[in-house]
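K.L.:
any chance you could fold what I've pasted below:
(chains A and B)
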Amino acid sequence: QEAAKYEKKVMVLDFVKPTPQGSSWGLGGTCVNVGCIPKKLMHQAALLGQALQDSRKFGWQFTEEVKHNWMTMTESVQNYIGSLNWGYRVALRDNKVTYENAYGEFVGPHTIKATNKRGVEKLYTAERFLIATGERPRYLGIPGDKEYCISSDDLFSLPYCPGKTLVVGASYVALECAGFLAGLGLDVTVMVRSILLRGFDQDMANKIGEYMKEHGVNFIREFVPTKVEQLEEGTPGRLKVTAKSTTGDQIIEGEYNTVLLAIRRDPCTRNIGLDKVGVNINEKTGKIPVSDEEQTNVPYIYAVGDILQDKLELTPVAIQAGRLLVRRLYAGATTKCDYVNVPTTVFTPLEYGACGYSEETAVEKFGEENIEVYHSHFWPLEWTVPSRDNNKCYAKIICNIQDNERVIGFHVLGPNAGEVTQGFAAAIKCGMTKEQLDNTIGIHPVCAE
Amino acid sequence: KNEYDLLVIGGGSGGLACAKEAAQFGRKVAVLDYVDPSPQGTTWGLGGTCVNVGCIPKKLMHQAALLGSALKDAHHYGWNIAQPVHHTWSVMAQAVQNYVKSLNWGHRVQLQDKKVKYFNMKGSFSDPHTVRGLTKAGKETIVTADNIVIATGGRPKYPTHIAGALQYGITSDDLFWLKESPGKTLPSFILNVSLECAGFLTGIGLDTAVMMRSIPLRGFDQASMEYLTQMASLVTEHMESYGTKFLKRCFPTKVEKLESNRLQVTWKNTDLGTEETDSFDTVMWAVGRAPDTKTLNLETVGVKTNSETGKIIVDASEATSVPHIYAIGDITEGRPELTPTAIAAGKLLAQRLFGQSSELMDYDSVPTTVFTPLEYGCVGLSEEAAVQRHGSDNIEVFHAYYKPLEFTVAERDATQCYMKMVCLREREQRILGLHFIGPNAGEVIQGFALGIKCGATYPQLMKTVGIHPTCAEEVTKLHITKRSGLDATVTGC
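P.N.:
Coordinates of the predicted model:
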């Protein structure tokens, strides 16, 4: 869309290979269809379940047991996503960007082959190419995984309630999904190979896990599934999962209606003909290394988004990188995407917002004696009346003592963590110090203060 | 020799913060706190306005109203609740009042722990170092101190020129302590207090009307808290669609009690030039707050007050016209009437008096939030103030109408969800002010207030990557200017 503004002749190829379970979706990519958007909406549904409980303490009266209807929620969510798919198609059309629902692969220099759903092939040439094919969930590679398990690609459009669910993985995808499924009243178990939220501040990750455990999510730690068998067909059916301990010989079995795999995602770079045009990829991970101007080793081929090596897998980063790239190419701009201090939020039942260094990486980089960590538990005012979770919310900032106590890490665990963290990220971008933070007056009464 | 190093008159946000901070330095500190019952007879414990009849109960009742909306949203998200759902005032009020009482208790324990002497007495000056304290029963105690801090705050005003106003009307002092539902309520005149109260009363299902003489949120003229016609009308527009009735350009002339015990209010409609009446269960006045200085005997010791507002005049170090007598909080002239500023000022004052500090309180760019049904948070200059100070050619206003993701499935109207950033036009494009209307406005604004304290510029904000999907991320994407005249509606994803 940005390139079209500069009167360039632009084409977009988008194609979704159906999941093993047959799920597919429209234009918009992961975020819109099987990521951020449906995730946050279902998280909201779970939060509303909690709100219902709280509301009684605030004087609202209604029948004792409230049940959740999966289909009503999923239909609403899918309708909204449909409107976004449509919105994108209209936007592309309005901006005179040619859109083809076809699978693209390089066949030679400056040439791409587009194959549509019916197998019809067309060839296109372009001066420049941008690869932004993103990723798809990885399967375990064990018997029964593709036949019987689902992934986040299937969950958000599942045409039946998943029932008793086993979530395999400890990524933010795994924890967010487990979190909202439990919040909707389902029996949820998370099977974790080793640690939670690898790459995130572990102190915070453990607090998130603790909270989920206290709120009814079961955890099986240090086990990996070895096979999945079907006991009974159905929507949902019944599955038997066998798992092996990572620390010994112990084997366990469990029965679930649904098994959701959320171990990691793999870039869609293996089957798009990159070898035909000589684009280097990391053979092990499939990710594409790029310069700080998002250029691959082939000068006329660029890449943005989740497929980039050593960059964050986030929608706003991808959008920012894409826009700035186009402005550099066609509008004489020089600004590069700033990948430093990008804030993020994990939408687990107790939300976690972060920007900058985790405590571990700060200690590693600066040395324990050179950093100061200020921290505090807090109790959101709105949780007092329902007597909920006193002393669970937590915030900490990590300061670099040698640099004027500059704030180099911000972490908050609490409601609306994303809304809270955004402004702090801006302040960190401005080089905020502890003193400046102390001099800022709080807004009362809110969590952020 | 004076008995205490520090005597604080007023056990509210500012007073308690100052007293506790002074005690940290090993000083002998005493606090006098006393609540004159309201005309309706309402009274409360230690902690001041914020804890008892301000921020705390207000936000909790606002939360009750928000939960009412959540209950409506819930069915779109799959929760089966039989509508309509009913609200019981007494359940909410008791829960809120119990929580407030726990805070009263907490404050008393804290004072005890910090060895601050607490007197539940009404204080008045005998001389610059002597205060006479009077208990409810009339028992007198004389307290002397080297330093005295006045932090007695304010109380709601009554429009006494309106017949029946004092007799039959209540104020926010009473609203939060009502045991029974206020029913059909008329909060009169406009201040953010009345909008917030009208907002949550509507939200819990009560028939509520707001009567206003002129424009909403007028008369709030402090540097960082100037509410504008634009933001104020968006807030009130939302309230109207939410169900609150507005009687605009009307002012009441009398309040009478009917046989049914309901209240009949008569008012003049200045638009139509007519006189109208209607009956209500409750009439609540929110026509402003006035400092509580009458019984302090300030004239005796020579503490100067502003002749118009009655507030105590202080300098940058919170000193009054009399040496060793200071004032902080709502009672001081020219200061924001906010808990966090009172607390900060109180702490800094104690640090200067007893802790070798020379740091003065910085009242610039204090962020604040109005907790109306659709919340309004802001920090820095209003658009009007920026234009006045710098000229409209020298400022750029970036703005956007946005839709919170959670509103989509819930099919909620987001017409008034709006934000704007006022920047200087030249070179750096420093941010002068940020205004946000939407859910969780306070949470959104707080971090940006920090940024503004660090001198944030528009380019720096644009370099900050957004968190997706949130409302706050839209701030980092602001790019449409008012000057361009382009449609400012942004689509999230």
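
K.L.:
what's the helix or strand bottoming out on mean pLDDT in chain B in contact with?
P.N.:
Here the helix or strand of chain B ranked lowest by mean pLDDT, DSSP states H and E is strand B:185-188, holding a mean of 78. Counting contacts by C-beta atoms under 8 Å, 6 or more residues apart in numbering or on different chains, the residues outside strand B:185-188 that touch it are B:159, B:169, B:194, B:197-198, B:201, B:206-212, B:252, B:265, B:278, B:280-287. Bear in mind the C-beta positions are built from the backbone N, C-alpha and C, glycine included.

K.L.:
so which bits of the stretch 301-450 of chain B are right by chain A?
P.N.:
By C-beta under 8 Å from any C-beta of the partner chain, the part of the stretch 301-450 of chain B that sits against chain A consists of B:338-341, B:344, B:362, B:366-369, B:377, B:405-406, B:408-409, B:440, B:442-450.

K.L.:
run through the neighbouring helices and strands of the strand or helix carrying B:Gln167.
P.N.:
For B:Gln167, the host element (DSSP states H and E) is helix B:165-168. In terms of contact count using 3 or more C-beta pairs under 8 Å, 6 or more residues apart in numbering or on different chains; DSSP states H and E, helix B:165-168 is assigned the packing partners strand B:250-257, strand B:282-285.

K.L.:
quick one: contacts for the closest residue to B:Thr320 other than its chain neighbours?
P.N.:
Once flanking residues are discounted, B:Thr320 sits nearest to B:Val303: 4.7 Å by C-beta to C-beta, 6 or more residues apart in numbering or on different chains. By C-beta under 8 Å, 6+ apart, the residues touching B:Val303 are B:Phe125, B:Ile150, B:Ile312, B:Thr320, B:Ser321, B:Val322, B:Ile325, B:Ala327.

K.L.:
ok, those vs chain A, which is closest?
P.N.:
The closest of these to chain A turns out to be B:Ala327 (C-beta to the nearest C-beta; 18.4 Å).

K.L.:
in the helix holding B:Gln167, what counts as buried?
P.N.:
Using 16 or more other C-beta atoms under 10 Å in any protein chain shown as the burial criterion, the residues of helix B:165-168 that qualify are B:Ala165, B:Tyr168.

K.L.:
stretch A:189-197 now?
P.N.:
Result for stretch A:189-197 [16+ other C-beta under 10 Å]: buried residues A:Thr189, A:Val190, A:Met191, A:Val192, A:Leu196, A:Leu197.

K.L.:
quote the end-to-end distance of that stretch.
P.N.:
16 Å (C-alpha to C-alpha, to the nearest Å).

K.L.:
what does stretch B:388-402 give?
P.N.:
Stretch B:388-402 has its terminal residues 28 Å apart, counting by C-alpha to C-alpha.

K.L.:
run through who's touching that stretch.
P.N.:
For stretch B:388-402, the external contacting residues (C-beta under 8 Å, 6+ apart) are B:381, B:383, B:386-387, B:414-415, B:417-426, B:429, B:432, B:438, B:458, B:471, B:474, B:477-483, B:488-490, B:492.

K.L.:
in strands, which of those appear?
P.N.:
When the contacts of stretch B:388-402 are checked against strands using DSSP state E, the ones located there are B:Tyr418, B:Met419, B:Lys420, B:Met421, B:Val422, B:Cys423, B:Leu424, B:Leu432.

K.L.:
just send those back as CSV, with pLDDT too.
P.N.:
Output for the ones in strands among the contacts of stretch B:388-402, formatted as CSV (pLDDT from 0 to 100):
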residue, pLDDT
B:Tyr418, 96
B:Met419, 97
B:Lys420, 96
B:Met421, 97
B:Val422, 96
B:Cys423, 97
B:Leu424, 96
B:Leu432, 95
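
K.L.:
quick check: the farthest pair among those residues?
P.N.:
For these, the maximum inter-member distance is 21.5 Å, found between B:Tyr418 and B:Leu424 (C-beta to C-beta).

K.L.:
who has more neighbours out of these two?
P.N.:
Between B:Tyr418 and B:Leu424, B:Tyr418 has the larger neighbour count (other C-beta atoms under 10 Å in any protein chain shown), namely 24 against 17.

K.L.:
that one bridge partners, please.
P.N.:
According to DSSP bridges, B:Tyr401, B:Ile437 are recorded as the beta-bridge partners of B:Tyr418.

K.L.:
what domains does the record give for the chain?
P.N.:
All of this refers to chain A. Residue ranges for each domain of chain A read A:2-136+A:266-331, A:138-263, A:351-439, as given by the TED database.

K.L.:
please refer instead to chain B.
P.N.:
Per the record, chain B has its domains at B:4-153+B:292-355, B:157-287, B:374-484, by the TED database.

K.L.:
wait, which of these is closest to A:Glu7?
P.N.:
For these, the distance to A:Glu7 is smallest for domain B:374-484, at 19.7 Å, taking C-beta to C-beta.

K.L.:
what's the span of the closest one from first residue to last?
P.N.:
Looking at domain B:374-484, the gap from its leading to its trailing residue is 27 Å under the measure C-alpha to C-alpha.

K.L.:
the chain: helices as residue ranges?
P.N.:
All of this is about chain A. Ranges of helices within chain A are A:2-5, A:29-34, A:36-57, A:70-94, A:145-148, A:152-155, A:172-183, A:202-214, A:274-277, A:315-330, A:359-366, A:417-429, A:434-438, based on DSSP state H.

K.L.:
you looked at the wrong chain, it should be chain B
P.N.:
Using DSSP H, the helices found in chain B span residues B:13-24, B:48-53, B:55-74, B:89-113, B:165-168, B:172-175, B:192-203, B:229-242, B:298-301, B:339-354, B:383-390, B:405-410, B:441-453, B:458-463.

K.L.:
where does A:Leu196 fall, phi/psi-wise?
P.N.:
Here the main-chain torsion angles of A:Leu196 (degrees, to the nearest 10) amount to phi -90, psi 140.

K.L.:
what parts of the stretch 101-250 of chain A come near chain B?
P.N.:
Taking C-beta under 8 Å from any C-beta, the part of the stretch 101-250 of chain A that reaches chain B is made up of A:Leu184.

K.L.:
which residue does the stretch 101-250 of chain A bring closest to chain B?
P.N.:
Counting by C-beta to the nearest C-beta, the stretch 101-250 of chain A gets nearest chain B through A:Leu184, at 7.4 Å.

K.L.:
what sits closest to that residue if chain neighbours are left out?
P.N.:
In space, not counting the residues next to it along the chain, A:Leu184 is nearest to A:His68; the distance is 4.7 Å by C-beta to C-beta, 6+ apart.

K.L.:
that neighbour: how many residues sit nearby?
P.N.:
Neighbourhood size, A:His68 [other C-beta under 10 Å]: 21.

K.L.:
kindly report the same for B:Pro459.
P.N.:
When neighbours are defined as other C-beta under 10 Å, B:Pro459 has 12 of them.

K.L.:
thought it was touching B:Ile431?
P.N.:
No. Judged on C-beta atoms under 8 Å, B:Pro459 makes no contact with B:Ile431 at a distance of 10.2 Å.

K.L.:
OK, contacts around B:Gly386?
P.N.:
One thing to correct before we go on: residue B:386 is Ala, not Gly. Counted by C-beta under 8 Å, 6+ apart, B:Ala386 has contacts B:Ile395, B:Val422, B:Leu432, B:Gly433.

K.L.:
tell me the one of those residues nearest chain A?
P.N.:
Ranking the contacts of B:Ala386 by separation from chain A, with C-beta to the nearest C-beta as the measure, puts B:Gly433 on top at 14.0 Å.

K.L.:
count of neighbours near the closest one?
P.N.:
Neighbours around B:Gly433, by other C-beta under 10 Å: 22.

K.L.:
for it, which non-adjacent residue is spatially closest?
P.N.:
B:Gly380 (3.4 Å).

K.L.:
stretch A:295-309: how far from the chain's middle?
P.N.:
Averaging C-alpha coordinates over stretch A:295-309 and over its chain gives two centres that are 21 Å apart (C-alpha atoms, centre = their mean, to the nearest Å).
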